[in-house]
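S.K.: show me how the following folds:
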Amino acid sequence: MIETLKSPDHVLAYRLDGVMTAEDYDVAARALEHKLKSHRHLGLYADMTDFKTMTAEALVHDLKFHMSHLGLWKRFPRIAIVTDEPWLKAMVSVMGAILPHVEAKAFAPAEKEVALAWASVMVDA
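M.R.: Coordinates of the predicted model:
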């Protein structure tokens, strides 16, 4: 499940809980596209503390979305992921290393407010 969280208008904030379905993914993708119409850059915040996995269909939707929006990453100067899962922390490190216009950072579950504040700071992108 994906829940949209309250955040500054220039930040897209989600809480992922349990298993993400294709329907969940599509709702989040539409919200993202809607926000991009009114903002050149967006901060992203994802509380993945209780995230477990995504369905195969959701993974296919994710891959299709990213393939059709290859240049999109440069519009997200800061991505904050809240997690205590080692594999998600590793993914965040890789993301930050391979995407030159993106600062990606993992935060501990106790740092949710700090993570949202960090994602809210717009840097020159």
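
S.K.: got any ranges where the protein has weak pLDDT?
M.R.: Within the chain, the stretches with pLDDT under 70 are 123-125.

S.K.: list the helices and strands the longest helix out of those in it packs on?
M.R.: Secondary structure assigned by DSSP state H gives helix 22-38 as the longest helix of the chain. Packing partners of helix 22-38 (3 or more C-beta pairs under 8 Å, 6 or more residues apart in numbering; DSSP states H and E): strand 2-4, strand 11-20, helix 56-68. Every residue, glycine included, has its C-beta placed from N, CA and C.

S.K.: what comes up buried for the helix or strand following it?
M.R.: Using DSSP states H and E, the next helix or strand after helix 22-38 towards the C-terminus is strand 43-54. By neighbour count on 16 or more other C-beta atoms under 10 Å, the buried set for strand 43-54 is 43-49, 51, 54.

S.K.: quick one: buried residues of the longest helix of the chain?
M.R.: Neighbour-count burial for helix 22-38 flags 22, 24-25, 27-29, 32, 35-36 (criterion: 16+ other C-beta under 10 Å).

S.K.: ok, residues contacting that helix?
M.R.: Outside helix 22-38, the residues that touch it by C-beta atoms under 8 Å, 6 or more residues apart in numbering are 1-2, 4, 9, 12, 14, 42, 54-55, 57-58, 60-62, 65, 72, 75.

S.K.: only whichever of those are buried, select them in ChimeraX.
M.R.: Buried members of the contacts of helix 22-38, identified by 16+ other C-beta under 10 Å, are gathered into one ChimeraX selection as follows:
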select :2,12,14,42,54,58,61,62,65,75
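
S.K.: from residue 112, how far out is residue 72?
M.R.: 25 Å (C-beta to C-beta, to the nearest Å).
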